[in-house]
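In: Any chance you could fold what I've pasted below:
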Amino acid sequence: MNLVSKKSVSPIISAIFLMGVMLVAITSTVTLIYPNLVKLGDQENLSSVITQFDQLDSSLQSLMSQGAGSTFNRPFSIKEMKLVADNASTMQLRFTYDSTAFSKSATLEFTRFVVQMGMKSNVLAAGQKRYAKGVQNQDFFVLNYSLSGFFPWQIINATRPAQASSFANISLAYRPKLYATFEGTTLVLRMIFVKFKFIGKSVVTSSEPSISVSYDGLIKNTTQMFDGTQFFPSGGTLTLSVITTLSDGSPAFIEIPFRYGASSFYLKTLVEFHQFTVNI
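Out: Below is the predicted model of the structure:
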């Protein structure tokens, strides 16, 4: 009787043992694979938003070529993310001239589209910035012998705030475009900015919001930082730095797009804005 019982119990124990082994194997596999699946999902969402912003940028460039009054309407797929209109960030222009301790600054609105994306992986580390167009520091524009030049204004930025590491903010924004020419002894700096004028809802959380954009044209700013009467003696270097402070808590970034030295000159600035009215 005991022999029969032992024989009947043995297959049950074996089955339980095999099930345990299978569960351990499945758990181990999931533990190894799941983080990669999460990372892959974050990468796909990040790539999707950047691609759509890139397409939106192309559409904006097309509107500018068509002229003031041109419009377009298009969907923007954001799944469970949020599309935010940022009107609160700022960009500070600071002119300095080292030989005379001269300094003057002006603060402008830094408007941008922002998609807030929940992140569960380390695709973008806390506090990190990633740029799809351009780099964070552009300390390359030195005007000593050439008479004109510019650097691109497009920037698509993915930022993960240091104090909120479970989210990333992907934004479409624009740096200024800078041209420099001489009119006799006067150095003329022409700065062109892109500004979004958001109307309607400031945050869209639907899976397929519609974006309506109209191009208002190139609007000249009536305020000039320099009118051509400010004189800078030779022996120093004029530097224009751009300090952008973002409203989402991301660390500010500083760019130094322009330097000029080696001769005396007068300075004049012309500031203009490309303006788009956006309804999201």
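
In: Run through the stretch 51-200 of the chain and note the low-pLDDT ranges.
Out: 134-155, 163-165 (pLDDT under 70).

In: And the strands in it?
Out: With strands called from DSSP state E, counting those that start in this stretch, the stretch 51-200 of the chain shows them at 71-75, 82-86, 90-97, 102-109, 112-118, 129-131, 142-143, 154-159, 167-174, 177-183, 186-199.

In: and the angle for the last one with strand 177-183?
Out: Angle between the axes of strand 186-199 and strand 177-183 is 150 degrees (criterion: axes from the mean of the first three to the mean of the last three Cα atoms, to 10 degrees).

In: Parallel or antiparallel, list what pairs with the next helix or strand after strand 186-199.
Out: Downstream of strand 186-199, the first helix or strand assigned by DSSP states H and E is strand 203-204. Strands flanking strand 203-204 in the sheet, each with its direction: strand 82-86 (antiparallel) (DSSP bridges).

In: what's the angle from the partner strand to strand 102-109?
Out: 140 degrees.

In: just how off-centre is strand 82-86 within its chain?
Out: Centroid displacement of strand 82-86 relative to its chain, using Cα atoms, centre = their mean, to the nearest Å, is 13 Å.

In: so how far does stretch 197-206 reach from one end to the other?
Out: This stretch, stretch 197-206, spans 21 Å end to end (Cα to Cα, to the nearest Å).

In: contacts for that stretch?
Out: Outside of stretch 197-206, the residues within contact range by Cβ atoms under 8 Å, 6 or more residues apart in numbering are 78, 82-85, 87, 111, 216, 275-280. C-betas here are computed from N, CA, C, even on glycine.

In: List the buried residues in that stretch.
Out: 197-198, 204 (16 or more other Cβ atoms under 10 Å).

In: Restricted to helices, list the contacts of stretch 197-206.
Out: The subset of the contacts of stretch 197-206 located in helices under the criterion DSSP state H is empty.

In: got those residues as JSON lines, with distance to residue 252 and neighbour count columns?
Out: Listed next are the contacts of stretch 197-206 as JSON lines, based on distance: Cβ to Cβ, whole Å; neighbours: other Cβ atoms under 10 Å:
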{"residue": "78", "distance to residue 252": "26", "neighbour count": "22"}
{"residue": "82", "distance to residue 252": "23", "neighbour count": "17"}
{"residue": "83", "distance to residue 252": "23", "neighbour count": "20"}
{"residue": "84", "distance to residue 252": "19", "neighbour count": "22"}
{"residue": "85", "distance to residue 252": "20", "neighbour count": "21"}
{"residue": "87", "distance to residue 252": "17", "neighbour count": "14"}
{"residue": "111", "distance to residue 252": "16", "neighbour count": "23"}
{"residue": "216", "distance to residue 252": "28", "neighbour count": "16"}
{"residue": "275", "distance to residue 252": "24", "neighbour count": "18"}
{"residue": "276", "distance to residue 252": "24", "neighbour count": "20"}
{"residue": "277", "distance to residue 252": "28", "neighbour count": "15"}
{"residue": "278", "distance to residue 252": "24", "neighbour count": "18"}
{"residue": "279", "distance to residue 252": "29", "neighbour count": "15"}
{"residue": "280", "distance to residue 252": "26", "neighbour count": "20"}
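
In: Tell me the one of those residues nearest residue 192?
Out: Using Cβ to Cβ, residue 275 comes nearest to residue 192 of the contacts of stretch 197-206, at 11.3 Å.

In: How about the closest one: what's its closest non-neighbour residue?
Out: Spatial nearest neighbour of residue 275, chain neighbours left out: residue 216 (4.1 Å); criterion: Cβ to Cβ, 6 or more residues apart in numbering.

In: now the one you found: how far from residue 111?
Out: According to Cβ to Cβ, to the nearest Å, residue 216 and residue 111 sit 13 Å apart.

In: Next: residue 92.
Out: Taken as Cβ to Cβ, the span from residue 92 to residue 111 is 15 Å.

In: got it, and residue 198?
Out: Separation of residue 198 from residue 111 (Cβ to Cβ): 7 Å.

In: joint contacts of those two?
Out: 85, 87.

In: can I assume residue 133 is in contact with residue 156?
Out: Yes. Counting by Cβ atoms under 8 Å, residue 133 does reach residue 156; the two are 5.4 Å apart.
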